[in-house]
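Novice: structure of the sequence below:
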Amino acid sequence: MAKLLGTMATQAASTQSDPDLEAAVWDLEPLLDGEGEAGVEPRLQEALARAQAFATRYAGALAELDGAALREAMQELAGIHELVGRAGTYAALRFAADTAEPANGALLQLVRERATAIETTLLFFELEWAALPDERAEALLGGEGLDFCRHHLRNVRRYREHLLSEPEEKILAEKTLTVASAWTRLFEELTSAIAVELPSPAGEERSAARGAADGRGGEPEKVALDTALSRLMLPDRELRRTAAEAITAALAPGLRTRAFLFNTLLADKATDDRLRRYPHWLAARNLANEASDESVQALIAAVRGRYEIPRRWYRLKARLLGVDRLADYDRMAPVTEDEVTYSFARAREIVLDCYSAFSPELGGLVRRFFDERRIDAPVREAKRGGAFCASAVPSVFPYVMLNYTSRRRDVLTLAHELGHGVHFALAARQGIFHQSTPLTLAETASVFGETIVFGRLLKEDSAPASRLALLAENLEDTIATVFRQVAMNRFEQLVHTARRESGELSVERMGELWLGSQAELLGDSVELTDGYSCWWSYIPHFIGSPGYVYAYAYGQLLALSVYERYLQAGQELVPRYLDLLAAGGSREPERLGEIVGIDLADPGFWDAGLDLVQHQLEDAEEAARAAGRA
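Specialist: Next up, the predicted model:
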C-alpha cells in the first residue's frame with residue numbers, strides 16, 4: 001500500500017547531486033530469473049497451460065474431492081498464481097518507473113490480457129467451492145496440510161451471495177480489460193503527463209527576496225505535478241499561493257476528461273454492485289477488508305466526531321505563520337524556518353539503525369532492500385508519483401518505490417515503505433494466499449516503523465524550533481492519514497450516491513461535493529479557495545480503488561495503538577509484534593490484533609486511538625510554547 005499524505009505528494013526535484021540516490025534504482029531481474037522482458041511470455045504461457053489442465057482435471061469434480069486432493073489442487077493454484085505474479089509485478093514496476101514509454105504500457109496490457117484469460121479459465125473453482133454445503137466445506141477445511149490456504153478458502157465462501165453464474169463471471173472478468181482497468185491505466189497516464197508551469201527556482205528566490213506579490217522574476221519552467229505539489233511546503237506564502245494557482249491551471253485542460261472517466265467508473269461500479277446484490281457502494285470493499293459495515297461506520301463516525309482536532313491545529317498553525325486564517329495552500333507549510341535535509345546515505349543509516357535497534361531480524365531485512373537494489377528512489381520524468389511497496393510474490397523479495405528529495409519527510413516515507421516491505425517479507429512464509437493482509441491491517445508495520453524513526457529524529461533534535469517543526473510534521477501526517485482520509489471517504493460517499501440517484505455528474509457538481517466534504521473537516525479553520533474545487537481530480541484511489549481510503553485511518557489508529565503497547569511493554573512486545581507480521585493475512589483481523597493485545601471488537605477502540613492523536617496535538621502545542629511561538 002502506498003503512503004498517502006493527504007494524497008498530496010511530498011516530492012520535489014532535488015537541486016543537489018547525490019550519487020547514492022541516483023544509484024538507488026531497481027534491479028528487476030530476480031523477478032524473472034535474469035531473463036528480463038523475454039521471461040514474461042513463457043511464464044504466462046506456462047500459467048495458461050497449467051490453468052487449462054487444472055480445469056480439465058477439477059471442473060465439476062470439486063464436490064468429490066477429499067482433503068488430500070483439495071490440498072493438491074490448492075498447491076497447483078498457488079504455482080499458477082506465482083507464475084502470473086512474477087510476470088505481472090515485472091510489468092507493473094517497469095510501467096511505474098516510466099509511464100511514458102509505450103513499450104512499458106504495451107507489456108503491462110499484455111500481462112493483464114493474459115492474466116484475465118487465466119483467471120477466466122480458473123473461475124469455476126471458486127464458484128464451485130462457494131457453492132458447496134457448509135457442512136461439506138467445513139469437513140474439507142478440517143483436513144491436514146491446508147494452513148497455507150484455509151483462511152483464504154473460508155473468505156471465498158463469504159462472497160457466496162454476491163457471485164454470479166460461471167458464464168456471467170467470465171463475461172465480467174473479460175470485460176474488465178476494456179472497462180475498469182483500461183480507464184484506470186488511462187487515468188495514470190493522464191495524471192503522470194500533467195505539467196505545471198511555475199517560475200524558475202532562480203526567479204522564485206529573487207521574488208521571495210524582494211517580496212513580490214506576483215511571484216514572477218524568472219523564466220517559467222514546466223514541472224511534474226508531484227514537484228509542483230511539493231512547493232506547497234515552501235516557507236514563503238506567495239510562492240505557495242502561486243504554486244497552488246499554477247496547479248489549478250494545469251488541472252484545468254484535462255478536467256472534463258477526468259470527470260467523464262470518473263463518471264464512467266462510478267456507473268460501472270453501480271452496475272457491478274447491482275448485479276452482485278451489494279446493498280451499498282462500500283459493501284464490497286468492507287467485505288474484502290474483512291470488516292463489518294457496522295465497524296467501518298463506527299470508525300468513520302468516531303473520526304468525524306473528532307474533527308475539532310485538526311481544526312484546533314490549523315488555528316494554532318495560523319498563529320505560528322502569522323496569518324489570520326490558513327488558506328488551503330497553507331496546510332502543508334512549515335511552521336519554522338528550520339529546513340533539515342538528508343542525503344540518501346544518511347537516510348539509509350538512520351532507518352537501518354532504527355529498525356536494527358528494535359529488532360536485529362527486521363534490521364537484516366531492511367538491509368536487503370538496499371543491498372539487493374529493491375528500492376527505486378530518484379525523481380524522474382514520467383515516473384509514477386508518490387511512494388509504494390510491491391509485495392511481488394512470496395518467492396521474491398519485495399520492492400519499494402520512492403520519489404526521494406532529501407526532505408525530512410522523505411526519511412519518514414522511506415521508513416514507512418520499508419515497514420510494508422518487512423511485513424511482506426516476514427509474511428512470505430504464509431504463501432501466496434496469505435502473504436497480504438486486508439487493507440485495514442496493511443498499514444500496521446509501515447506506521448509502526450515510521451513512528452520508531454520519528455522518535456529517533458525527535459530524540460536527536462534539541463533545538464526548540466527544529467523540534468516544533470518535527471512534531472508539527474508528525475501531527476500533520478496523522479491528520480492527513482486519519483482525518484483527511486475520512487473526509488475523502490465522505491466525498492466518495494457523496495459522489496457515488498449522487499451518481500446513482502441523479503445520473504452523470506457535471507464537473508461543477510463534483511467540485512461542490514469535494515468542497516463540501518473538505519469544509520466539514522476544516523470548519524472555519526481553513527479557507528477553501530475557488531480553484532481548490534478541482535483538486536479531487538488527480539487522486540488515484542477514487543479511480544482505481546473505490547472505498548480504499550478509510551483503511552488508512554483504520555491502519556493509522558491501529559498502528560498507533562500497537563506502538564503505545566510497545567512503549568508500555570518494551571522489548572517484551574517485540575516477539576509478539578514479529579509474530580503479528582509473520583502471520584500475514586492467515587487469520588481474521590480481530591484474531592491478528594489479539595497477538596499484540598489489541599481488541600478490535602471493542603466499541604471504544606477508535607476513540608482510544610483518537611486520544612493518542614489528541615496527545616500528538618498537545619505535544620505540538622507544548623513545543624510551540626517552548627519555542628516561544630504560542
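Novice: what are the phi and psi angles of residue 24?
Specialist: As for residue 24, its main-chain torsions (degrees, to the nearest 10) stand at phi -80, psi 80.
Novice: show me the contacts for it.
Specialist: Applying CB atoms under 8 Å, 6 or more residues apart in numbering, we find residue 24 in contact with 344, 370, 373, 375, 376, 377, 378, 404. No exception for glycine: its C-beta is placed from N, CA and C like everyone else's.
Novice: list the contacts for the first one?
Specialist: When you say that, I think you mean residue 344. With contacts defined as CB under 8 Å, 6+ apart, the neighbours of residue 344 are 18, 20, 21, 24, 377, 404, 406.
Novice: what about the stretch 251-400 of the chain, any weak spots by pLDDT?
Specialist: Under the criterion pLDDT under 70, the flagged ranges of the stretch 251-400 of the chain are 338.
Novice: one more time with 90, if that's ok
Specialist: Counting by pLDDT under 90, the stretch 251-400 of the chain has low-confidence residues at 336-341, 379, 381-382, 384-386.
Novice: mind listing the strands for it?
Specialist: Here the stretch 251-400 of the chain has its strands, by DSSP state E, counting those that start in this stretch, at 326-327, 375-376, 388-390, 399-401.
Novice: do me a favour and get the end-to-end distance for stretch 138-149?
Specialist: Across its full length, stretch 138-149 reaches 13 Å between end residues, using CA to CA, to the nearest Å.
Novice: same thing with stretch 336-350?
Specialist: Its first and final residues considered, stretch 336-350 spans 23 Å by CA to CA.
Novice: show me what counts as buried in it.
Specialist: Within stretch 336-350, the residues that qualify as buried are 336, 338, 342, 343, 344, 347, 348, 350, counting by 16 or more other CB atoms under 10 Å.
Novice: swap in stretch 224-231?
Specialist: Neighbour count says stretch 224-231 has 224, 225, 226, 227, 228, 229, 230, 231 buried, by 16+ other CB under 10 Å.
Novice: for the closest residue to the last one other than its chain neighbours, give me its contacts.
Specialist: Looking back up the chat, that one is residue 231. The shortest distance from residue 231 to any residue other than its chain neighbours is 3.6 Å, reached at residue 243 (CB to CB, 6 or more residues apart in numbering). Shown here is residue 243, whose contacts under the criterion CB under 8 Å, 6+ apart are 196, 198, 228, 229, 231, 232, 234, 329.
Novice: mind listing what residue 291 touches?
Specialist: Applying CB under 8 Å, 6+ apart as the definition, the contact partners of residue 291 turn out to be 438, 440, 554, 589.
Novice: now it: how far from residue 561?
Specialist: Using CB to CB, to the nearest Å, residue 291 is found at 16 Å from residue 561.
Novice: next: residue 468.
Specialist: Relative to residue 561, and taking CB to CB, residue 468 is found at 26 Å.
Novice: more crowded one of these two?
Specialist: Remark: of residue 468 and residue 561, residue 468 carries more neighbours, 27 against 23, as counted by other CB atoms under 10 Å.
Novice: where does that one fall, secondary structure wise?
Specialist: Using DSSP states H and E, the secondary-structure element containing residue 468 is helix 464-479.
Novice: may I ask which helix or strand of the chain has the lowest mean pLDDT?
Specialist: Using mean pLDDT, DSSP states H and E, the weakest-scoring helix or strand in the chain turns out to be helix 201-210, at a mean of 47.
Novice: list the contacts for the closest residue in space to residue 434 that isn't next to it in sequence?
Specialist: Sequence neighbours aside, residue 586 is the residue nearest to residue 434 in space, at 4.2 Å (criterion: CB to CB, 6+ apart). If a contact means CB under 8 Å, 6+ apart, then residue 586 has 147, 150, 151, 430, 434 as its contacts.
Novice: tell me the mean pLDDT for the next helix or strand after the least confident helix or strand of the chain?
Specialist: Per DSSP H and E, helix 201-210 leads on to strand 220-224 as the next helix or strand towards the C-terminus. Taken as a whole, strand 220-224 has a mean pLDDT of 87.
Novice: tell me the strands beside strand 220-224, with direction?
Specialist: Looking at strand 220-224 with DSSP bridges, its paired strands and their directions are strand 195-199 (antiparallel).
Novice: make TSV from the buried residues of stretch 224-231 and add distance to residue 417 and secondary structure to it.
Specialist: Putting the buried residues of stretch 224-231 into TSV (distance: CB to CB, whole Å; DSSP: H, G, I helix; E, B strand; the rest coil) gives the following:
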residue	distance to residue 417	secondary structure
224	20	strand
225	20	helix
226	16	helix
227	19	helix
228	22	helix
229	18	helix
230	17	helix
231	23	helix
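Novice: in a markdown table, list these along with distance to residue 66.
Specialist: Compiled in a markdown table, the buried residues of stretch 224-231 are given as follows (distance: CB to CB, whole Å):
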| residue | distance to residue 66 |
| --- | --- |
| 224 | 57 |
| 225 | 56 |
| 226 | 54 |
| 227 | 59 |
| 228 | 61 |
| 229 | 57 |
| 230 | 59 |
| 231 | 64 |
